[in-house]
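1. Sequence first, predicted coordinates after that:
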Amino acid sequence: MKITYKKSGVNIEKANKLISSAKGLINTTRVKGSMDSVGGFGGFFDPKAGYGKDPLLVASTDGVGTKLKIAQALGKHDTIGIDLVAMCVNDLLCSGAKPLFFLDYFACGKLQDKIWAQVIKGIVKGCRAAGCALLGGETAEMPGMYPKGEYDLAGFSVGAVDRKKAIDGKKIKQGDLILGLASNGLHSNGYSLIRKLFSKKEIKDNGSALLKPTAIYVQSFFEINKITEIKGAAHITGGGFQDNIPRMMPRGIKAIIKKGSWTIPKIFRTIEKKKAMTQEELYRTFNMGIGMAIVISPGKEKKIITRLAKKTGLKCCVIGRAEKGKRGVDLK
């Protein structure tokens, strides 16, 4: 009997049907400049679509880490795609870039229709929230590469910012304020540690909190930008406060972060009660309730806090300030 690709574990027809069935959903993410190219060998985007007089392209790629293990263990896959989009587009914001388009990479041992469809729906939802187009992607079926029921994800996003409006942190000076944009919880970092700290029962009991999707800050970011200039922005991901906030600070300026100036979500209190980590390790591993830190000149902070609450429902507060000193973070 002659062997076929299908008999070896790769069902091309099935994958093509799934992609074709999702095309209508994917097309709902189209934005100015995006073109109908799903299913081709590349995604088209018109660079003349009007993103500033002298636009710079900004690119970002990321995954969701071992949060995938939680989603797979709990059999819930409809939000992990939102995380994937968020991890990429939030990074673009730190340069002042507006997300234009997104591409995904989905890899598995055996393609399972329902799981794939849930993941794609989450990606589409994330792209809508970010205001960017899902321009294309790749679905790879690789027998023997992944255990049954497991898959991997990667995301890629491109944004644009006018050269004169690009954020590099160089304008940050002593006395500037640091705003904290509230997180949804753990977002997509620290899950390798979570899986060591929590038993299988605890993971199941805390499933809703553990799988709460990463907040997408695109709308809130540009609402702030309507009110005042954003001098610096840091997406609080792996490395927490200590490793991410210094990335936006210029030499000779440090960040003073006042602990207790924001509400810490319950899931972090649950982790803290285990007394398995020092405070320093907590703030270096998790976002502790702050998903993005933004630096502005003083004077417009109250207006920003009120506007975000009204326009996006996002909680925002002053969590610190910029001071002279060696670039770094002081948590007080």
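-> That came in fine, so what should we check first?

2. Where do the helices of this structure begin and end?
-> Counting by DSSP state H, the chain has helices at residues 12-27, 67-74, 80-93, 113-130, 191-197, 200-205, 207-210, 218-227, 240-244, 266-273, 279-285, 301-311.

3. I'd like those helices written out as a markdown table, with distance to residue 164, mean pLDDT and mean neighbour count added.
-> Using the backbone N, CA and C atoms, a C-beta is placed for each residue, glycine as well. Listed next are these as a markdown table, based on distance: least, Cβ to Cβ, whole Å; pLDDT from 0 to 100; neighbours: other Cβ atoms under 10 Å:
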| stretch | distance to residue 164 | mean pLDDT | mean neighbour count |
| --- | --- | --- | --- |
| helix 12-27 | 33 | 63 | 14 |
| helix 67-74 | 37 | 96 | 20 |
| helix 80-93 | 17 | 98 | 28 |
| helix 113-130 | 23 | 95 | 21 |
| helix 191-197 | 39 | 94 | 16 |
| helix 200-205 | 48 | 95 | 13 |
| helix 207-210 | 42 | 96 | 16 |
| helix 218-227 | 13 | 97 | 18 |
| helix 240-244 | 25 | 94 | 21 |
| helix 266-273 | 39 | 93 | 15 |
| helix 279-285 | 35 | 92 | 17 |
| helix 301-311 | 22 | 97 | 15 |
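
4. Select, out of these, the one closest to residue 53.
-> helix 218-227 (17.1 Å; Cβ to Cβ).

5. Helix 80-93 and the closest one, what's the angle between them?
-> For helix 218-227 against helix 80-93, the angle by axes from the mean of the first three to the mean of the last three Cα atoms, to 10 degrees is 20 degrees.

6. Give the other helices and strands that helix 218-227 contacts.
-> In terms of contacts (3 or more Cβ pairs under 8 Å, 6 or more residues apart in numbering; DSSP states H and E), helix 218-227 is packed against helix 80-93, strand 98-108, helix 113-130, strand 290-296, helix 301-311.

7. Tell me how far residue 189 lies from residue 279.
-> 17 Å (Cβ to Cβ, to the nearest Å).

8. I meant residue 45, not that one.
-> Taking Cβ to Cβ, one finds residue 45 at 45 Å from residue 279.

9. how does this protein divide into domains?
-> The domain map for the chain lists 12-165, 177-331, with the assignment taken from automatic domain parsing.

10. I'd like these as CSV, with distance to residue 171 appended.
-> Shown next, in CSV, are the domains of the chain (distance: least, Cβ to Cβ, whole Å):
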stretch, distance to residue 171
domain 12-165, 12
domain 177-331, 5
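
11. for residue 258, what are its contacts?
-> Applying Cβ atoms under 8 Å, 6 or more residues apart in numbering, we find residue 258 in contact with 319-320, 332.

12. Among the residues you listed, which are located in strands?
-> 319-320 (DSSP state E).

13. Neighbour-wise, give me the winner out of the contacts of residue 258.
-> residue 320 (26 neighbours; other Cβ atoms under 10 Å).

14. Who are the contact partners of residue 54?
-> With contacts defined as Cβ under 8 Å, 6+ apart, the neighbours of residue 54 are 162-164.

15. Just the closest of the residues you listed to residue 136, please.
-> Distances from residue 136 to these, taken by Cβ to Cβ, are shortest for residue 162, at 26.0 Å.

16. thought that closest one was touching residue 57?
-> No - checked against Cβ atoms under 8 Å, the pair residue 162 and residue 57 is beyond contact range at 11.6 Å.

17. Find the nearest non-adjacent residue to the most centrally placed residue in the chain, please.
-> For the chain, the residue nearest the mean C-alpha position is residue 87 (2.1 Å; Cα atoms, centre = their mean). Nearest residue to residue 87, sequence neighbours excluded (Cβ to Cβ, 6 or more residues apart in numbering): residue 62, at 4.0 Å.

18. Measure how buried that neighbour is and give me the count.
-> Neighbour tally, residue 62, other Cβ under 10 Å: 23.

19. Could you do the one 4 residues further on as well?
-> By other Cβ under 10 Å, the residues close to residue 66 number 17.
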